[in-house]
Structure formats: C-alpha cells, structure tokens
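# heads up, no residue letters with this:
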C-alpha cells in the first residue's frame, strides 16, 4: 500500500483524495494547503502537488531529504522553481506535467508526429476553461504548442489581435467562462482541407486518475525527471 500526501486543499486536491479512497493500493497520508518548510509535510511515499508555486520549495526539500517521489502538476512556475525541481530529481523520481490526462498525453504525441508536415498548414489553437482559471494561455496549451513547435521557430500570437498579419505564426485563443473543465483544439488549416485535433475534459476526475497513474509509475522509478509520455509509453527505465 502506497501512502500519498496531497498538496492543495481545493477542488483538484479533493478529487485526487476521492480517487485514492476508491483505490485498493493507495492510502491518503494527509492533505496540506500551504507548506512553509519540509517539516510541515506528513510522511508519505509519494507527494502529489496541484497547488501553488509557493509550496514547491518544501516539496522539493522533502524529495531531496527522503527520496520521496513527486507528482507535480502546479503551473505558473518560475525559473527558480524549476531549478528546485531539477535538484529534487537528482534524489527522487519526479513526474512533472501541465496536464495529467491520458487523453492529452496522446494528443501531445499526435502533435509531435505532425511536426514534419506542420509547414504545410496554418495552425490555430483554441483553449477554453472555467471562469476561475487565472492563467492564459493554459499550461496545457503551452504543452501542446511545444509538442508542435518545441523551439518556437514559427512564433506565436496570443489573442485575436494580429492574427493573419504575421504569416506562419501559430495563433492561440483563450476563452474563460462557465464551468468548463478544459477544452483544447488544434486546427491545421491547409488548401481546401482542415485537420482538427481536439481534447475535451468532462471533469477533473481524469486529471486525478492520471496523477495516480503517474504516482504508481514514480514509485517504481529511479531518481530523474519524467513526464506523461514516460508514464504511458515507458520510455525511461
């Protein structure tokens, strides 16, 4: 039985807790809203963090001190946070992703396959989330953009202003409203044909289920940085 500590006492944290309660191989070690230091965290085999960048230091300190596996879904991280995560990955397995949905991971892989032919199309992306989401574009949108164009060679235009004025750039449109859990659509617009790749999330449960899949994966791995591609396809051992 693997013990899991959840960082973040919001809707996502409670959804993860519900999924743990329904499992037969995981147990909840505790749920923490804010951690000022490593000592604020309960003992656990795995830490799942969907909270706030301010918690990253404490979470990474625990990984360095105890080798505790980390599953990190927090977005809005700065360079200093990523440096902490990189240090933690030297001592513990760390699965980091902007989106833990298995469907999004599959879309990411499809978009990677489109790289070699993307120059044949104009590319536009739309993403929609609930009215409470603060960041735009979403972390998932950035994840998918990097799958298509990892080095940002085409350039990106955020919002409607300027669309169509800079040939070849990828347009990104963010929509906020209602209770939308997350919709992402990538359009490849060619001469007389259009390819549309879309993912729609009906609830937060898919992200929680994916995070637990990542947690089980992390528990079996050596220290290092992993993502959902590694979790689903086992590309690192």
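All right, it came through fine. Not measured: the values here are computed from a predicted model.
# rest of the way, CA atoms for contacts and neighbours
Will do.
# which secondary element of this protein has the worst mean pLDDT?
strand 156-158 (a mean of 87; mean pLDDT, DSSP states H and E).
# buried set for that one?
156, 157 (16 or more other Cα atoms under 10 Å).
# next helix or strand past that strand?
As assigned by DSSP states H and E, the chain's next helix or strand after strand 156-158 is strand 170-176.
# for that next one, name the packing helices and strands.
If you count contacts as 3 or more Cα pairs under 8 Å, 6 or more residues apart in numbering; DSSP states H and E, strand 170-176 packs onto strand 122-129, strand 156-158.
# partner strands of the shortest one and their direction?
Using DSSP bridges, the neighbouring strands of strand 156-158 in the sheet come out as strand 170-176 (parallel).
# list the contacts of the helix or strand that the strand it pairs with is followed by.
Going down the chain from strand 170-176, the next helix or strand is strand 182-190, by DSSP H and E. Contacts to strand 182-190, defined as Cα atoms under 8 Å, 6 or more residues apart in numbering, come from residues 118, 120-130, 141, 194-202.
# return the most buried member of the helices and strands packed on strand 170-176.
Highest mean neighbour count among the helices and strands packed on strand 170-176 (mean count of other Cα atoms under 10 Å): strand 122-129, with a mean of 21.
# packing partners of that strand?
By 3+ Cα pairs under 8 Å, 6+ apart, strand 122-129 packs against strand 170-176, strand 182-190.
# between the ones you listed, which gets nearest to residue 35?
strand 182-190 (27.9 Å; Cα to Cα).
# so after the biggest helix by length in the chain, what's the next helix or strand?
Secondary structure of the chain per DSSP state H: the longest helix is helix 205-218. Counting by DSSP H and E, the next helix or strand C-terminal to helix 205-218 is strand 224-226.
# how far does that next one sit from its chain's centre?
In this view, strand 224-226 has its centroid 14 Å away from the chain centroid, taken as Cα atoms, centre = their mean, to the nearest Å.
# got it, and stretch 41-48?
Distance, centroid of stretch 41-48 to centroid of chain: 19 Å (Cα atoms, centre = their mean).
# just the helices in the chain please.
11-22, 56-66, 79-88, 102-113, 139-148, 205-218, 228-233.
# how about these in TSV, adding distance to residue 173 and mean neighbour count?
Output for the helices of the chain, formatted as TSV (distance: least, Cα to Cα, whole Å; neighbours: other Cα atoms under 10 Å):
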stretch	distance to residue 173	mean neighbour count
helix 11-22	24	17
helix 56-66	29	22
helix 79-88	25	16
helix 102-113	18	18
helix 139-148	10	20
helix 205-218	22	22
helix 228-233	25	17
